[in-house]
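Enquirer: Structure for the following, please:
(2 chains)
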2 protein chains.
Amino acid sequence: MIDAGPLGARPLQPLAIALGDPAGIGPEIVAKAWVERERQALPSFFAVGDARSIATVWDGPICKIGTPDAAAAVFPDALPLIEVEDAGEIVPGSPNPQGARCSLDALELALGLTRNGAAGALVTAPVSKAQIYDAGFVHAGQTEFVAERCGIAPANVAMMLAGPTLRTVCITTHVPLARVPELLSVELIVARTRVTARGLQRDFGIEQPRIAIAGFNPHAGENGAMGSEEIEYILPAIAQLREDGIDMIGPLAADTMFHARARARYDAAVCLYHDQALIPLKTLHFDESVNMTLGLPIVRTAPDHGTAFELAGQGRAEPGAMIAAIRLAGQCAARRAMLS
Amino acid sequence: MIDAGPLGARPLQPLAIALGDPAGIGPEIVAKAWVERERQALPSFFAVGDARSIATVWDGPICKIGTPDAAAAVFPDALPLIEVEDAGEIVPGSPNPQGARCSLDALELALGLTRNGAAGALVTAPVSKAQIYDAGFVHAGQTEFVAERCGIAPANVAMMLAGPTLRTVCITTHVPLARVPELLSVELIVARTRVTARGLQRDFGIEQPRIAIAGFNPHAGENGAMGSEEIEYILPAIAQLREDGIDMIGPLAADTMFHARARARYDAAVCLYHDQALIPLKTLHFDESVNMTLGLPIVRTAPDHGTAFELAGQGRAEPGAMIAAIRLAGQCAARRAMLS
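Expert: As a prediction, this is how the structure comes out:
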């Protein structure tokens, strides 16, 4: 399910990868993904960030480029990089404010290059939330920042997590679980499920997507015996979505909808809160989960893990999720290029 | 993890299996478990319920017995059964009030025979909650009924779900998710985690159990940035439990604690709400999950699925979870018999 199908054509432009926090594992896994470029048949990409953050943890060839159009020619022989200087010292595992600002500058530049069409898609390595909040970042995360820069209202983007056998989407994300009942609404569920259906069509080529939606309560509430969110919000949302022609299943008991036979029944599972979507995804596919923002005018993916400061600088970081994020971004960008 | 280790000795007494709703899949999976008795090296057991509920779906040998001590001699050649008559018609897939009352009578008898030592352990096939509530049953489920009959306070029993590579325990169970924050307390978490530690020692033979506890909020709350239940309840509970000498890890982000490498770090995961415990367990081990009640003077297990009325009478019900429940009950009863 992490796979968006055979490539119709290579994306016209190389992908932009923002390196994330210079002291995290981002630089290392981007370099490792470049090493795997042929074996994994990855599309051309270039890094955006401070070259030192890679050189500190990797002794392979890096080639600084000025503009994205130089990336494709360089890519077979070196990792192309557009420099964004980190004003501080780079020590893997020890983040600092200059590094956090560098990660935001790199994100801003990579996003701008993707929005203006110079890059084919945006892939973001992990930033440190604690660090960027301290640096004055006012968005909940990179997803919300990207959505705002693209001019899309928050309800009209959706966070999808994709692994080899499961895709899940969150109706609510990084909020206290106790606040979820008050944040749920028919409108929000309908909006984000529509975005999901549209994303499955446009980015994954699934003409008539089958979407399962989870219940909020144990056993999906058992007709109101254990909670009313299914009756108040989920069932009316399903009715509206079916009127739109979307193939909906649910509300399903969340505990019995993620085993292998159950997963075969749908293309994506819409979940009501963060852990409902992420527990099954990461239980099954911890090392290969991709976070994809649906509803944007651009393609944006990310490996679904954090900066892992405790691992940084040891050469032991697994690049699997970054490789999957690059591959999926390339597939979706190619599909959009074909359609446009 | 579903395995409680090698059998020290066979339990002294055969296990009692309450057949559950006569119109559900209980009778069929108990018969199928008996067929597998040699290949699966199952301990002797006898069924408690109406013989017709089995004969309707299975044409193998049933031998009615009057008391449990007759079971062992019969067991190699026929499925031993203590009759509890169902006053109504038995139609697989079509439950009725008489069947619901029969399932409760069978539960009561099987429980009594286990409590007085005539049976080695209690295994319960699924009942229909909707049906037994209509019949006037006032407990939340079989677990709560068994606990009350055994004279154990609700906070001092815990529901454990066990599969081949994961055991989870619920702090709260069948309640609306929105009510969980108000139901959580340091006392409840401490009580049920102590029961878990004691159960791992007594029933699974793990001398120094390693117990992981999940956070309640996304990313375990990130130090209060996304919810305060970790700070208010979970951290103080962990401190108390450590003072008791229990090896605690957590609070862990719930989404990253159930993949294979993470599971290797603990013997059981304590979860705060139903789906947090059951999503990972059933995602990984849907056909072989055992529900075990910890904290009782008797051993009680059950297959962790429902009556599956839609499957009943077709011969297609999978006995895997029932077989696992019987095996685990036998292992735990044997271990207790050795210790006593």
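Enquirer: excluding its backbone neighbours, what's nearest A:Ile206?
Expert: A:Leu200 (4.5 Å; C-beta to C-beta, 6 or more residues apart in numbering or on different chains). No exception for glycine: its C-beta is placed from N, CA and C like everyone else's.
Enquirer: how near is that neighbour to chain B?
Expert: As judged by C-beta to the nearest C-beta, to the nearest Å, A:Leu200 and chain B stand 21 Å apart.
Enquirer: Repeat that for A:Pro43.
Expert: A:Pro43 is 28 Å from chain B, by C-beta to the nearest C-beta.
Enquirer: contacting residues around that residue?
Expert: A:Arg10, A:Pro11, A:Pro14, A:Leu15, A:Gly120, A:Ile326, A:Arg327, A:Ala329, A:Gly330, A:Ala333, A:Ala334 (C-beta atoms under 8 Å, 6 or more residues apart in numbering or on different chains).
Enquirer: returning to that earlier point: distance of the residue nearest to A:Ile206 from A:Arg265?
Expert: Distance of A:Leu200 to A:Arg265, given as C-beta to C-beta, to the nearest Å: 15 Å.
Enquirer: and the stretch 1-150 of chain A, which residues reach chain B?
Expert: Proximity of the stretch 1-150 of chain A to chain B, by C-beta under 8 Å from any C-beta of the partner chain, involves residues A:Lys129, A:Ala130.
Enquirer: How about the stretch 1-150 of chain A: which residue is closest to chain B?
Expert: Nearest residue of the stretch 1-150 of chain A to chain B, counting by C-beta to the nearest C-beta: A:Lys129, 7.4 Å away.
Enquirer: what's the closest non-adjacent residue to that residue?
Expert: Nearest one to A:Lys129, counting by C-beta to C-beta, 6+ apart, is A:Gly141 at 6.6 Å.
Enquirer: Local confidence estimate at the one you found?
Expert: As predicted, A:Gly141 sits at a pLDDT of 83.
Enquirer: The one 3 residues further on too?
Expert: Turning to A:Glu144, the model gives it a pLDDT of 89.
Enquirer: How about A:Pro11?
Expert: At A:Pro11, the pLDDT recorded in the model is 48.
Enquirer: How are the strands of the stretch 1-150 of chain A distributed by residue range?
Expert: A:15-18, A:45-49, A:62-64, A:79-83, A:122-124 (DSSP state E, counting those that start in this stretch).
Enquirer: can I get these in a markdown table with mean neighbour count and mean pLDDT?
Expert: Below are the strands of the stretch 1-150 of chain A laid out as a markdown table (neighbours: other C-beta atoms under 10 Å in any protein chain shown; pLDDT from 0 to 100):
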| stretch | mean neighbour count | mean pLDDT |
| --- | --- | --- |
| strand A:15-18 | 30 | 98 |
| strand A:45-49 | 30 | 98 |
| strand A:62-64 | 17 | 98 |
| strand A:79-83 | 23 | 98 |
| strand A:122-124 | 29 | 98 |
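Enquirer: Need those in a markdown table (columns: distance to A:His305).
Expert: Converted to a markdown table, the strands of the stretch 1-150 of chain A look like this (distance: least, C-beta to C-beta, whole Å):
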| stretch | distance to A:His305 |
| --- | --- |
| strand A:15-18 | 15 |
| strand A:45-49 | 18 |
| strand A:62-64 | 23 |
| strand A:79-83 | 21 |
| strand A:122-124 | 12 |
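Enquirer: quick one on the thing from earlier: in helices, which of the contacts of A:Pro43 fall?
Expert: Mapping the contacts of A:Pro43 onto helices (DSSP state H) picks out A:Ile326, A:Arg327, A:Ala329, A:Gly330, A:Ala333, A:Ala334.
Enquirer: Which of those sits closest to chain B?
Expert: Nearest to chain B among the ones in helices among the contacts of A:Pro43 is A:Arg327, at 20.8 Å by C-beta to the nearest C-beta.
Enquirer: Verify the contact between that closest one and A:Leu42 for me.
Expert: Yes: counting by C-beta atoms under 8 Å, A:Leu42 is a contact partner of A:Arg327 at 6.2 Å.
Enquirer: Could you chop chain A up by domain?
Expert: A:1-152+A:296-340, A:154-295 (automatic domain parsing).
Enquirer: circling back: determine which of the strands of the stretch 1-150 of chain A approaches B:Ala47 most closely.
Expert: Comparison of the strands of the stretch 1-150 of chain A against B:Ala47 by C-beta to C-beta identifies strand A:122-124 as nearest, at 58.5 Å.
Enquirer: partner strands of that closest one, parallel or antiparallel?
Expert: Sheet partners assigned to strand A:122-124 using DSSP bridges are listed as strand A:15-18 (parallel), strand A:300-303 (parallel).
Enquirer: Turn these into CSV, including distance to B:Val91.
Expert: CSV is the format used below for these (distance: least, C-beta to C-beta, whole Å):
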stretch, distance to B:Val91
strand A:15-18, 61
strand A:300-303, 53
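Enquirer: my guess is A:Ala212 contacts A:Met257, does it?
Expert: Yes: counting by C-beta under 8 Å, A:Ala212 does reach A:Met257; the two are 6.0 Å apart.
Enquirer: among the ones in helices among the contacts of A:Pro43, which ones are buried?
Expert: A:Ile326, A:Arg327, A:Ala329, A:Gly330, A:Ala333, A:Ala334 (16 or more other C-beta atoms under 10 Å in any protein chain shown).
Enquirer: Could you export those to TSV, including columns for pLDDT?
Expert: Below are those laid out as TSV (pLDDT from 0 to 100):
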residue	pLDDT
A:Ile326	98
A:Arg327	96
A:Ala329	97
A:Gly330	95
A:Ala333	94
A:Ala334	92
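Enquirer: ok, those vs A:Glu28, which is closest?
Expert: A:Ile326 (14.5 Å).
Enquirer: burial count for A:Asp287?
Expert: Using other C-beta atoms under 10 Å in any protein chain shown, A:Asp287 is surrounded by 16 other residues.
Enquirer: Report the spatially closest residue to it, excluding sequence-adjacent ones.
Expert: A:Gly320 (4.5 Å).
Enquirer: The one you found - how many residues pack around it?
Expert: There are 20 residues near A:Gly320, going by other C-beta under 10 Å.
Enquirer: Could you do A:Leu177 as well?
Expert: 27.
Enquirer: give the contact list for the residue nearest to it when sequence neighbours are not counted.
Expert: Residue nearest to A:Leu177 in three dimensions, not counting chain neighbours: B:Asn217, with 5.2 Å by C-beta to C-beta, 6+ apart. Contact analysis of B:Asn217 by C-beta under 8 Å, 6+ apart lists A:Pro176, A:Leu177, B:Met226, B:Gly227, B:Glu229, B:Glu230.
Enquirer: swap the cut-off to 10 Å and go again
Expert: A:174-180, A:273-275, B:181, B:224-230, B:234, B:251, B:253-254, B:272 (C-beta atoms under 10 Å, 6 or more residues apart in numbering or on different chains).
Enquirer: same deal with A:Ile132?
Expert: A:21, A:95, A:97, A:99-101, A:103-104, A:107, A:138-139, A:141-142, A:145.
Enquirer: Show the buried residues in those.
Expert: Applying a neighbour-count criterion of 16+ other C-beta under 10 Å, the buried members of the contacts of A:Ile132 are A:Asp21, A:Pro95, A:Gly99, A:Ala100, A:Arg101, A:Ser103, A:Leu104, A:Leu107, A:Gly141, A:Gln142, A:Phe145.
Enquirer: shaky segments in chain A?
Expert: A:1-11 (pLDDT under 70).
Enquirer: Tell me if I'm right that A:Val299 and A:Met292 touch.
Expert: Yes: judged on C-beta atoms under 10 Å, A:Val299 makes contact with A:Met292 at a distance of 8.0 Å.
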